[in-house]
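Q: Structure, please.
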Amino acid sequence: MTTSLQQIPCLPSNAPFTLEQRAWINGFLAGVFSFTSIENPATQRPAALEAPKAGPLLILWGSQTGTAESLAKRIAKEATARGYEALLLDAAKHGEVDWAKQKRLLLVTSTWGDGEPPDNAQGFWSALNSPAAPSLAHVEFAVLGLGDKNYSSFCGAGKRFDERLAALGAKRIAPCAECDVDYEATAKAWLELFWSGQSSVQSNLLASTIALPASGHSRSRPFTAPLLTARILNAPGSAKETRHFEFSLEGSGLSYDAGDALGVFPSNDPALVSAILEALEVDGDTTLSLDGVQISFREALLDKLDITRLSRDLLNALSVDNGEAAVRSWDLLDLLAATRSAKMPAAELVTQLKKLQPRLYSISSSPAAHAGQVHLTVSIVRYEAHGRWRGGVCSTYMADRLSPGAAAPIFVHKSPHFRLPADADRPVIMVGPGTGIAPFRAFLHERAATGAKGKNWLFFGDQRKATDFLYQSEMESFVASGVLNELDLAFSRDQAAKVYVQDKMRERGAELWKWLEEGAHFYVCGDASRMAKDVDAALHEVIESAGGLSRDAAADYVQKLKTEKRYQRDVY
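A: Sure thing, here's the model as predicted:
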């Protein structure tokens, strides 16, 4: 007998019930849907409504882009099917949890910045590290971390949570999972370890599944979307190259909301591939086995493997010191030039490369205003290093090798954490310098097309107004039509002293505070390493000074904004 996880319902996390009520209802549903008849499962009623046998399980998720949240939801469905009283909760709502009554915790979290928790989990992290943090000696726990091995802080948030929970006395059920970008296989194997030894209503009926849906277009089954339009947004003389792309979604069945991201699967630079094949002394038509499939070297290097970022495993195998900054910027051609005497067969060396991953871009269009299309605003990365010109894999793929009429494999990446307010009368404040304007162009088009009454305020900045005012005519039209009520501009190089969006926020502090007090939602998009931190600091300062609050009270105010989902960030 088999059953589908989709047949076993689970209350959504925003259902209007208490934690205890949700636990009881989820347990009841698990019992009902666990006893269907083999002969006629559609009509047979349960013989008895047995209580779940696996006990309560609190599943908290910390997510910056929605991936960890989506994974946590799938785990919650499986946990319910296995007989757990599964409670799925946004980590921002950790304050609702009565920790004295919790016995088992599973935390799913991503990492952003320098090993930091995602925005919605920062409050939970602070609570765990406060002097008032409770003893968790009665709690069993496990942490599933998501990350990217290309960064030194790989799964940093997951590891820190794992260590802190243990320091508070909690007992590990399983070691901290460290999942790379291709997380499905690792997560599935780790979950089997987590489930093992636990009693279950129907453990013999279910196979652990973390795979994405087989039907429809998704990351695992991308849609080949025709490119309709591509144009440069910067004026001549700019030091930057920013392009606008429009793809057709006709016939894809794909849908998106303003605030979502688009995944694009690129191909590598053919010239770089040819140079690597020459350095390997391999004919591009020679085949090798990749994931059990015979494929030519050229196709593998073009479309399947990451040849611009080297894995630590490969560097270690060739005895290359990957602690040196220069080495961390090498691509495969640099490695081959530096290790010509390395004794490793070409086929083995190539297959130790990481898989080529899609790139995610904030969508800059609105489905209400651009039906059947999806737009992107992309900074084209070009630079010189180690005596050669290089470029961003996906940005140069779209700029140099994708022309109107050609097509690219794409998929929609949902970003439920980054949404316009459900109440269209709420004001919104948007801070998006450079390509950070992308989702806010989408927001403004969405608000205009749907007739939203809420006020809109945009802080935008770049280098020079004459060359770098992205979507200038559109923004000025929004101002003229009354859709954009406030537009503050910060062009850093148009005067001797550099001015940034955070400086404009401080200048308009009193009015910004007034909007927040009126219920405004505050959004930030762009660079996580510097801009987002500077904007966050400016927000605290504005609330402290204009609101007349102490530093601690201002921090509490910001945390409240996050908890109420009125402070949302799309940072990278």
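Q: who touches the spatially most central residue of the chain in this structure?
A: The residue lying closest to the centre of the chain (Cα atoms, centre = their mean) is residue 65, at 2.5 Å. Counting by Cβ atoms under 8 Å, 6 or more residues apart in numbering, residue 65 makes contact with 110, 261, 360, 413, 415, 417, 570. Every C-beta, even on glycine, is put in place using the N, C-alpha and C of the backbone.
Q: and which of these is nearest residue 526?
A: residue 570 (8.1 Å; Cβ to Cβ).
Q: what ranges do the strands span in the stretch 51-200 of the chain?
A: Assigned by DSSP state E, counting those that start in this stretch, the stretch 51-200 of the chain shows strands spanning 55-62, 84-90, 104-109, 140-146, 171-172, 177-179.
Q: ok, residue 557 touching residue 547?
A: Yes - using Cβ atoms under 8 Å, residue 557 is in contact with residue 547, at 7.0 Å.
Q: Would you mind measuring from residue 399 to residue 572?
A: Distance, residue 399 to residue 572, using Cβ to Cβ, to the nearest Å: 19 Å.
Q: To clarify, my last question referred to residue 566.
A: Residue 566 sits 21 Å away from residue 572, going by Cβ to Cβ.
Q: Show the pLDDT at the residue nearest to residue 433 when sequence neighbours are not counted.
A: Using Cβ to Cβ, 6 or more residues apart in numbering and skipping residues adjacent in sequence, the residue nearest residue 433 is residue 461, 4.0 Å away. At residue 461, the predicted lDDT confidence score is 97.
Q: Quick one, grab the pLDDT at the closest residue to residue 228 other than its chain neighbours.
A: Excluding the flanking residues, the one nearest residue 228 by Cβ to Cβ, 6+ apart is residue 246, at 4.5 Å. On pLDDT, residue 246 comes in at 98.
Q: Give me the number of neighbouring residues for residue 246.
A: 19 (other Cβ atoms under 10 Å).
Q: That one - that's part of a strand, no?
A: Yes - with DSSP: H, G, I helix; E, B strand; the rest coil as the criterion, residue 246 is part of a strand.
Q: for it, which residues make a bridge with it?
A: When bridges are called by DSSP bridges, residue 246 pairs up with residue 229, residue 375.
Q: among the strands of the stretch 51-200 of the chain, which is nearest residue 394?
A: Using Cβ to Cβ, the nearest of those to residue 394 is strand 140-146, at 20.7 Å.
Q: Buried residues of that closest one, list them for me.
A: By neighbour count on 16 or more other Cβ atoms under 10 Å, the buried set for strand 140-146 is 140, 141, 142, 143, 144, 145, 146.
Q: repeat for stretch 507-514
A: Using 16+ other Cβ under 10 Å as the test for burial, stretch 507-514 gives 508, 509, 512, 513.
Q: Do I have it right that the first one meets residue 488?
A: Yes - taking contacts as Cβ under 8 Å, residue 508 lies within contact range of residue 488: 6.2 Å.
Q: separation between the closest residue in space to residue 498 that isn't next to it in sequence and residue 462?
A: Leaving aside its chain neighbours, residue 498 sits nearest to residue 492 (4.3 Å; criterion: Cβ to Cβ, 6+ apart). Note on residue 492: its distance to residue 462, by Cβ to Cβ, is 7 Å.
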